[in-house]
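Visitor: I need the structure of the sequence given here:
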Amino acid sequence: MNIGIIAHNSKKSLIEDFCIAYKGILMKHEVYATGTTGRRIEEVTNLHVHKFLPGSVGGDKQFTEMIERGDMDMVIFFYNPAMINQKEPDVYHIIKTCDQYNIPIATNIATAESLILGLARGDLDWREQLKEDY
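Guide: Purely as a prediction, here's the structure:
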């Protein structure tokens, strides 16, 4: 499965900790991330991460295009709702696109843990069936 990961600057440490904790699950899947987030995940986990441009210079658009093509199976997007910033990836556009294309998305640690553990249990296997139907 293709897992997309984005984190605003104030949440980079949290996403690193999350990826360290769930490295065993993530290593069985393809991980995609915006530039800086992807680099930091690679540095702390030694996982291979497919990196887009940094979110502020178009990486969020590349990320959204992958969702629109049906090539993203799950998204984890840690953002700080108190600090929405023009230079950060567009939270609302990505969430809206995930909802439009039925892509599970987590925007906080509690939901992200539920999704990642569900992925490990096979709860998202329906995504593979959906791809076969197209």
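Visitor: mind checking how far Arg127 is from Asn2?
Guide: Taking Cβ to Cβ, to the nearest Å as the measure, Arg127 and Asn2 are separated by 9 Å. Heads up, the C-betas are built off the backbone N, CA and C, glycines and all.
Visitor: same check, this time on Leu124
Guide: Between Leu124 and Asn2 the distance is 11 Å, computed by Cβ to Cβ.
Visitor: just to revisit the earlier point, what do Arg127 and Asn2 both touch?
Guide: Asp73, Met74 (Cβ atoms under 8 Å, 6 or more residues apart in numbering).
Visitor: Check for me that Cys31 belongs to a strand.
Guide: One thing to correct before we go on: residue 31 is Val, not Cys. Yes - Val31: assigned to a strand according to DSSP: H, G, I helix; E, B strand; the rest coil.
Visitor: Touching, it and Asn46? I think so.
Guide: No - because the distance of 11.8 Å does not satisfy Cβ atoms under 8 Å, Val31 is recorded as not touching Asn46.
Visitor: higher neighbour count, those two?
Guide: Neighbour comparison, Val31 and Asn46: the larger count goes to Val31, with 22 against 9 (by other Cβ atoms under 10 Å).
Visitor: pLDDT wise, what is the more buried one at?
Guide: According to the predicted model, the pLDDT of Val31 comes to 98.
Visitor: ok, now which ones touch it?
Guide: Taking Cβ under 8 Å, 6+ apart as the definition of contact, the neighbours of Val31 are Ile3, Ile5, Gly38, Ile41, Leu47, His48, Val49, His50.
Visitor: likewise Phe52?
Guide: Taking Cβ under 8 Å, 6+ apart as the contact definition, Phe52 lies against Tyr32, Ala33, Thr34, Gly35, Gly38, Gly58, Gly59, Gln62, Phe63.
Visitor: so Thr36 makes contact with Pro54?
Guide: Yes - between Thr36 and Pro54 a contact is recorded at 5.3 Å, counting by Cβ under 8 Å.
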